[in-house]
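Okay, here's the prediction I keep looking at, along with the sequence it came from:
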Amino acid sequence: MRPVIEFCVANSFHGTDDIMRKLEADNEIDVIEYGCLGNCGECYMFPFALVNGEIVFAETTESLYAQIVRKVREIKAI
């Protein structure tokens, strides 16, 4: 299954746009940015993304990137 990573454009003030650019370099995953993902509480509080529909959030963008990479590896291993 090809992993799909979704980002909220409103969450980019946390720095998720940098993560998005890094992930876009991987041709084996799909990266999509939406105007809103409907997770306003998380969007305001933390950097977050959806990985195959599952919310992943962290205190920092570095931690979020690491969690996304870990999830992607798990998905690719299936």
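Perfect, I can see it now.

make it CA atoms for all contacts and neighbour counts henceforth
OK.

Find the residue at the geometric middle of the protein.
Ala49 (3.1 Å; C-alpha atoms, centre = their mean).

roughly how far apart are Val69 and Gly41?
23 Å (C-alpha to C-alpha, to the nearest Å).

Neighbour count: those two, which is higher?
Neighbours were counted for Val69 and for Gly41 using other C-alpha atoms under 10 Å; Val69 has more, 14 against 8.

Can you tell me the element Tyr44 falls in?
In this structure, Tyr44 sits in helix 40-45 according to DSSP states H and E.

Oh, that last question was meant for Ala49, not what I typed.
Applying DSSP H and E, one finds Ala49 within strand 48-51.

Please enumerate residues in contact with that strand?
Counting contacts by C-alpha atoms under 8 Å, 6 or more residues apart in numbering, the residues outside strand 48-51 that touch it are 3-8, 11, 16, 42, 55-58, 64, 68, 71-72.

One more pass at 7 Å, please.
Pro3, Val4, Ile5, Glu6, Phe7, Ile55, Val56, Phe57, Ala58, Leu64 (C-alpha atoms under 7 Å, 6 or more residues apart in numbering).
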